[in-house]
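K.L.:
sequence first, then the predicted structure, then my questions.
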Amino acid sequence: MTDDWRGWREAAETALYGDEGFYRRPEGPAGHFRTSVHASPLFASAIARLLAGTARELDTDEVALVDVGAGRGELLTGVLAAVPAGLEVRAYAVEIAGRPPGLDPRIEWCAEPPHGVTGLLFANEWLDNVPVDIAEADADGVARRVLVRADGTERLGDPVSGADAQWLRRWWPTAGPGGRAEIGRPRDEAWARAVASLAGGLAVAVDYGHVREARPPFGTLTGFRAGREVRPVPDGTCDLTSHVALDACAEAGSAVAGVPAEVRDQRAVLRELGVSGERPPLALASADPAGYVRALSASGEAAELTARGGLGDFGWLLQRVHPASGPPGG
């Protein structure tokens, strides 16, 4: 890592995705933080039901499932085990790290989303790891780019200009001197490209996020290492993440698809997909003790996936893509 002063976007790109970057480590994301994918197999089962519903909407029994930011293939492995009989799934893992040994041979490992497929594109905690620059308002209220060194030391650089300045004015005006903003334009563009890769179906991004009316005044940049939140330092030893301006991404995706996007919380979406945190009836304990224990365990896992103040607060950005006329491909 270099000690040169760089914008956060460039520094994080190297720290996360460079040759010795954090996301190339063999343990993968699961070694450092817990996502919905790792919390419970109920999540993969819910995505399998979402995939089956997408296939019904497309009137096809052959669909693609594209997992963007696939980690080590955990979600795809779980979904393939849960898809209903009769549904043929072409599975793609999009990840910069190498293919892990022993992965299901049905999963195609690729660096970019395949183009022209029909089905479900799913990006769980991907957009928050698309690096962005950070702006901070100086004493005069001028938004300046924050520069950083590999040890995490910061200083203010030149005023933000061009397309980034336009993005700030539209989506995240700084809240006076000392206010910070994460310039989400690269995420908008990444999401638009992901949506454009689908010939038809549904694109979903799941992340902690915020909207223009409730932006955090000092930003959300942080780090994670070995399950603990740590100071964000772009030296390759920790994850670097910040919440997503989901409304800005939604507009970018909608412009590509030509239909409005929808932003909902994970709690509501998972409940519609059959994930409920309700405890099983006590009568089951005497009628089927083993079944009661299994149901109680599933109830606890479902409660974690839908909990307020936790995983249930994730935003789901849902963008439908209408296929062109003619039979769907896949």
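P.N.:
In hand now; what should we look at?

K.L.:
in the stretch 151-300 of the chain, where is pLDDT below threshold?
P.N.:
Under the criterion pLDDT under 70, the flagged ranges of the stretch 151-300 of the chain are 277-300.

K.L.:
hmm, residue 35 is touching residue 125, no?
P.N.:
Yes: with contact defined as CB atoms under 8 Å, residue 35 counts as touching residue 125 (5.4 Å). Quick note: C-beta positions are derived from backbone N, CA and C, even for glycine.

K.L.:
so for those two, which residue has more residues nearby?
P.N.:
residue 125 (21 against 18; other CB atoms under 10 Å).

K.L.:
for residue 145, give me phi and psi.
P.N.:
phi -70, psi 130 (degrees, to the nearest 10).

K.L.:
buried stuff in stretch 227-236?
P.N.:
Using 16 or more other CB atoms under 10 Å as the test for burial, stretch 227-236 gives 232-236.

K.L.:
how far does that stretch sit from its chain's centre?
P.N.:
19 Å (CA atoms, centre = their mean, to the nearest Å).

K.L.:
cool, and stretch 87-96?
P.N.:
16 Å.

K.L.:
now do stretch 261-273
P.N.:
Computed by CA atoms, centre = their mean, the chain-centroid distance of stretch 261-273 equals 14 Å.

K.L.:
so which bits of it are buried?
P.N.:
261, 263, 266-267, 269-271, 273.

K.L.:
cool, and stretch 217-226?
P.N.:
219-221, 223-225.

K.L.:
can I get those in TSV including distance to residue 56 and secondary structure?
P.N.:
Converted to TSV, the buried residues of stretch 217-226 look like this (distance: CB to CB, whole Å; DSSP: H, G, I helix; E, B strand; the rest coil):
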residue	distance to residue 56	secondary structure
219	41	coil
220	37	coil
221	41	coil
223	42	strand
224	38	strand
225	42	strand
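
K.L.:
of those residues, closest to residue 318?
P.N.:
Nearest to residue 318 out of the buried residues of stretch 217-226 is residue 220 (CB to CB; 22.3 Å).

K.L.:
helix/strand/coil for residue 92?
P.N.:
strand (DSSP: H, G, I helix; E, B strand; the rest coil).

K.L.:
whoops, I mixed them up, residue 157
P.N.:
Applying three-state DSSP: residue 157 is strand.

K.L.:
how close does it sit to residue 181?
P.N.:
14 Å (CB to CB, to the nearest Å).

K.L.:
compare these two (neighbour count), which wins?
P.N.:
Per other CB under 10 Å, whichever of residue 157 and residue 181 has more neighbours is residue 181, with 27 against 17.
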